[in-house]
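Chemist: No letters, just coordinates:
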Ligand code: SAH
Ligand code: SF4
Ligand code: F3S
């Protein structure tokens, strides 16, 4: 096969995968390849997979199968991301169509792997060398108005249900200077907002600085108007970071702080290392620092052994916190994790019922949160076009999507009055005086 001219990267799963996908695309671009257009057949396809829940691997293999072309040929195929890390060599045994298996810490080796694959040599690289991939990635040149920036990877928490510590490895913080350099490149390339990413982003530390110190430093960049970070672990929610929410105006009033369950015995069995009381105390401190902050969370229903009464406690904590947004999941046994072999796995039908009740309760609170913003004037960052001509969609400080009629381009900051609230988005009317970024 000749060297590929065009590529497509398809990312699934969390924001870190989206970030990694962008970096892989930049890396392939720097090799002289071009991103395939919509509907165009790519010579190389990178499937950047997620392993977090049920049937992730099966889905990845069926996605690979669908890349077969009608004439019997196929593109070069790289299996990347967390399924690649978990499956390793096994992936090539399960699908002969896969040419490359590249784990999340080995992306910088992709160009060599592609050259080998084009010469007919398949390769598997799921090594986890400390941090070197970032050093080998090209400088960032262009950016949309809202950019992701990975600062921390991996997890040492070992919640008993979760694959991430196995697929992403141990907690590693990127060095401060590297992050600052990348943030400068993103800002020069057009970013107005940066979201700092990490599996446990609030555990980031480098050269005696913590995440609050990094945020304060980035807030001094004139081009950057907004800073966000995700995902945080409750035990790493330190005083300095909470204080930053009170003191750094560019730090947006939004905190994603997964709790998973509202029952202490379940949290213990999950190895979450926080309790209901300690979590609620943290929320109270955060709200004292920034009263209007939007809190979002993650929830798992039907963890092995979870009783009806324990599930009710999850509804209680939802009412206590009044989440502005949330993600909720049925427990999914993951091969190799301690919870997968625990007794008292909860039947699907029970999980279905619990999830429906939880989601209804979460929707009440998110709707109430959205409605409470009606009549307020706020600033939005336009990040894409709306469905109808003349419409644009921007993000509020609380990460709500706001639909507005305006001719202002993507990347503008607009002051709008919120005129209406739907379940998933708000409507805004533009104020007379406008400041485009
Ligand atoms: N590091 C983050 C995110 C981890 S994955 C954290 O600690 O919160 C994102 C979410 O997926 C988790 O918060 C959890 O709610 C969910 N999740 C992880 N493993 C799961 C499993 N085996 N079954 C169902 N949901 C799971
Ligand atoms: Fe998974 Fe727990 Fe680590 Fe989050 S903190 S990535 S849920 S093990
Ligand atoms: Fe999925 Fe891996 Fe992210 S398992 S959620 S892509 S860290």
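Modeler: Cool, the structure landed. Computed from a predicted structure; not experimentally measured. Ligands and ions are numbered 1, 2, ... in the order given.
Chemist: Give me the distance between the residue lying closest to residue 136 once chain neighbours are set aside and ligand 1.
Modeler: Leaving out its chain neighbours, the residue that sits closest to residue 136 by C-beta to C-beta, 6 or more residues apart in numbering is residue 108, at 3.4 Å. (C-beta placed from N, C-alpha, C; glycine too.) Distance from residue 108 to ligand 1, counting by C-beta to the nearest ligand atom, to the nearest Å: 24 Å.
Chemist: State the distance from residue 108 to residue 179.
Modeler: 17 Å (C-beta to C-beta, to the nearest Å).
Chemist: what is the rounded mean pLDDT of the strand or helix carrying residue 82?
Modeler: According to DSSP states H and E, residue 82 maps onto helix 81-87. Mean pLDDT, helix 81-87: 95.
Chemist: same check, this time on stretch 185-197
Modeler: Taken as a whole, stretch 185-197 has a mean pLDDT of 97.
Chemist: in it, what's buried?
Modeler: Using 16 or more other C-beta atoms under 10 Å as the test for burial, stretch 185-197 gives 185, 186, 187, 190, 191, 192, 193, 194, 195, 196, 197.
Chemist: quick one: which of those is nearest ligand 3?
Modeler: Among the buried residues of stretch 185-197, residue 197 lies closest to ligand 3 (C-beta to the nearest ligand atom), at 10.0 Å.
Chemist: Quick one: neighbours of the residue lying closest to the closest one once chain neighbours are set aside, just the number.
Modeler: Excluding the flanking residues, the one nearest residue 197 by C-beta to C-beta, 6+ apart is residue 150, at 4.8 Å. For residue 150, the neighbour count with other C-beta atoms under 10 Å is 21.
Chemist: Direction included, what does whichever strand or helix holds residue 150 pair up with?
Modeler: Take DSSP H and E as the rule and residue 150 turns out to sit in strand 146-153. Here strand 146-153 is paired, per DSSP bridges, with strand 172-173 (antiparallel), strand 193-198 (parallel).
Chemist: With residue 405 as the reference, name the closest of the ones you listed.
Modeler: Of all the strands paired with strand 146-153, it is strand 193-198 that lies closest to residue 405, at 22.2 Å by C-beta to C-beta.
Chemist: what's in contact with that closest one?
Modeler: Strand 193-198 is contacted from outside by 15-16, 19, 145-153, 179, 183, 186-187, 204, 211, 214-215, 218, 224-231, 252, 381, 395, using C-beta atoms under 8 Å, 6 or more residues apart in numbering.
Chemist: what residues does the helix or strand following it touch?
Modeler: Toward the C-terminus, strand 193-198 is succeeded by strand 205-206 as the next helix or strand (DSSP H and E). Strand 205-206 is touched from outside by 173, 174, 175, 176, 179, 211, 214, with contacts defined as C-beta under 8 Å, 6+ apart.
Chemist: Just the buried subset of the residues you listed, written out for PyMOL, thanks.
Modeler: Here is the PyMOL command that picks out the buried ones among these, judged by 16+ other C-beta under 10 Å:
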select buried, resi 173+174+176+179+211+214
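Chemist: Can you say which two of the contacts of strand 205-206 are spatially most distant?
Modeler: Greatest spacing in these, by C-beta to C-beta: 175 and 211 (14.0 Å).
Chemist: circling back to that earlier point, tell me which of the contacts of strand 205-206 fall in strands.
Modeler: Using DSSP state E, the subset of these located in strands is residue 173.
Chemist: Let's have the contacts of strand 205-206 in JSON lines, adding distance to residue 94 and pLDDT.
Modeler: Listed next are the contacts of strand 205-206 as JSON lines, based on distance: C-beta to C-beta, whole Å; pLDDT from 0 to 100:
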{"residue": "173", "distance to residue 94": "35", "pLDDT": "95"}
{"residue": "174", "distance to residue 94": "33", "pLDDT": "94"}
{"residue": "175", "distance to residue 94": "38", "pLDDT": "95"}
{"residue": "176", "distance to residue 94": "41", "pLDDT": "96"}
{"residue": "179", "distance to residue 94": "37", "pLDDT": "96"}
{"residue": "211", "distance to residue 94": "39", "pLDDT": "98"}
{"residue": "214", "distance to residue 94": "41", "pLDDT": "98"}
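Chemist: Tabulate the contacts of strand 205-206 (JSON lines), appending distance to ligand 3.
Modeler: Formatted as JSON lines, those follow (distance: C-beta to the nearest ligand atom, whole Å):
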{"residue": "173", "distance to ligand 3": "16"}
{"residue": "174", "distance to ligand 3": "16"}
{"residue": "175", "distance to ligand 3": "21"}
{"residue": "176", "distance to ligand 3": "23"}
{"residue": "179", "distance to ligand 3": "19"}
{"residue": "211", "distance to ligand 3": "19"}
{"residue": "214", "distance to ligand 3": "21"}
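Chemist: Tell me which residue of the stretch 201-350 of the chain lies closest to ligand 2.
Modeler: For the stretch 201-350 of the chain, C-beta to the nearest ligand atom, closest residue to ligand 2: residue 233, 5.2 Å.
Chemist: need the contact list for that residue.
Modeler: 157, 200, 202, 203, 258.
Chemist: sorry, back to before: tell me which two in the buried residues of stretch 185-197 are the farthest apart.
Modeler: The most distant members of the buried residues of stretch 185-197, if one measures by C-beta to C-beta, are 190 and 197, lying 18.6 Å apart.
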